[in-house]
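>>> Below: sequence and its predicted model.
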Amino acid sequence: MTDDVVKFSVLDHIALVTLNRPGQRNAIDLEMSDALIAVWDKVKADRNIRVVVLTGEGPVFCAGADLKKMIPHIRDASDEDNRRRALEGPGWAGISGGYVMNTPIIAAINGDCVAGGHELAEFCDIRITVPHARFGHQEIKWGLMPGDGGCSRLPRIVGMGNAMNIILTGDLYDAQEAHRIGFVTKVVEPGDLMDTAIALAERIAANGPLAVRAAKQAVIRGAGRPINDNIRFETDTFSYLCKSDDWIKGQHAFLHGGTPAFEGR
């Protein structure tokens, strides 16, 4: 992993991931894309990590793709290579190409969150922002479209009408609008952003880790599927959790008081 473009550390059960190209507004180039994929792989391989907090270094969360570097690379690649990357994964920065991440990710949005940066935030499960952040999908203004999950994930987060308005106009919108439409769950002052995100991560990490990952998987799997199809998956997953050591600990704590010491088994 390349530490200088993506910072990575673990605090108890929480991974802190920071995009670190502040001089380029944390725009994603090939190096950062590979570094982020390495981070996601590391998180998936370490069951001690129960939650991820993602943020940006400097005044911007992420300005999207570094077009000077990424677009020529995509244009010069063969259609076969581009389709393979999109369909077989892991895609750019892991946010496209069907990459699966069951560990919850909290986006601590410290500034502008646009284009591919917006898609990176969409890849996360919970989003918290500062008041001065700006949001938007401006690809349409330059003859492109969101192509790394934006057209698929955003309607599921904010609804079809809001997503169409954001994507088709290319207009920027502010943090209050992001909160109104449900893209972010909370707006906090800059000095409180990381503390708020970490406190939320700690509350999630204190829950049963098998149950947290299974619940995220069930919610995401169910989006767009017939309800009966996903209820069967949900019930099967619930039955699996009922046989776990974590549930034995949780049941004992429920019946006798105390806090369960979950081990993720």
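Structure received.
>>> going forward, measure contacts between C-alpha atoms and count neighbours the same way
Will do.
>>> which is the next helix or strand following the helix or strand of the chain with the lowest mean pLDDT?
Least confident helix or strand, the chain: helix 67-76 with a mean of 67, by mean pLDDT, DSSP states H and E. Per DSSP states H and E, the first helix or strand lying C-terminal to helix 67-76 is helix 79-88.
>>> so for that following helix, what's the average pLDDT?
Average pLDDT, helix 79-88: 71.
>>> List the neighbours of it that are in contact with it.
74, 91, 96-98 (CA atoms under 8 Å, 6 or more residues apart in numbering).
>>> As TSV, those with neighbour count would be great.
Formatted as TSV, the contacts of helix 79-88 follow (neighbours: other CA atoms under 10 Å):
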residue	neighbour count
I74	13
G91	21
S96	22
G97	19
G98	16
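>>> Tell me how far E263 lies from V10.
To V10, E263 is 17 Å away according to CA to CA, to the nearest Å.
>>> cool, and T55?
In this view, T55 and V10 are 14 Å apart by CA to CA.
>>> Comparing the two, which residue is more hemmed in?
T55 (26 against 15; other CA atoms under 10 Å).
>>> tell me which element that one is part of?
strand 51-56.
>>> likewise D246?
Here D246 is assigned to helix 245-256, by DSSP H and E.
>>> what angle separates the strand or helix carrying D229 from helix 245-256?
Using DSSP H and E, the element containing D229 is helix 227-242. Angle of helix 227-242 versus helix 245-256, following axes from the mean of the first three to the mean of the last three CA atoms, to 10 degrees, is 80 degrees.
>>> Tell me which residues are up against helix 227-242.
210-211, 214, 218, 221-222, 247.
>>> One more: stretch 142-153?
Residues contacting stretch 142-153 (CA under 8 Å, 6+ apart): 91-92, 95-97, 115-116, 118-119, 122-123, 137, 139-140, 163, 167.
>>> Would you check the distance separating stretch 215-226 from the middle of the chain?
Offset of stretch 215-226 from its chain centre (CA atoms, centre = their mean, to the nearest Å): 15 Å.
>>> buried stuff in the helix or strand S152 falls within?
In this assignment (DSSP H and E), S152 forms part of helix 150-158. Neighbour-count burial for helix 150-158 flags 150-151, 153-155, 157-158 (criterion: 16 or more other CA atoms under 10 Å).
>>> tell me how far the ends of stretch 68-86 are from each other?
Start-to-end, stretch 68-86 (CA to CA) is 20 Å.
>>> for stretch 120-138, that is, sorry about that
Taking CA to CA, stretch 120-138 runs 14 Å from one end to the other.
>>> Reformat the buried residues of helix 150-158 as a markdown table; add distance to A86.
Shown next, in a markdown table, are these (distance: CA to CA, whole Å):
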| residue | distance to A86 |
| --- | --- |
| G150 | 13 |
| C151 | 14 |
| R153 | 15 |
| L154 | 18 |
| P155 | 20 |
| I157 | 22 |
| V158 | 24 |
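>>> before we move on, back to that, I'd like the average pLDDT over the helix holding S152.
On average, helix 150-158 scores 95.
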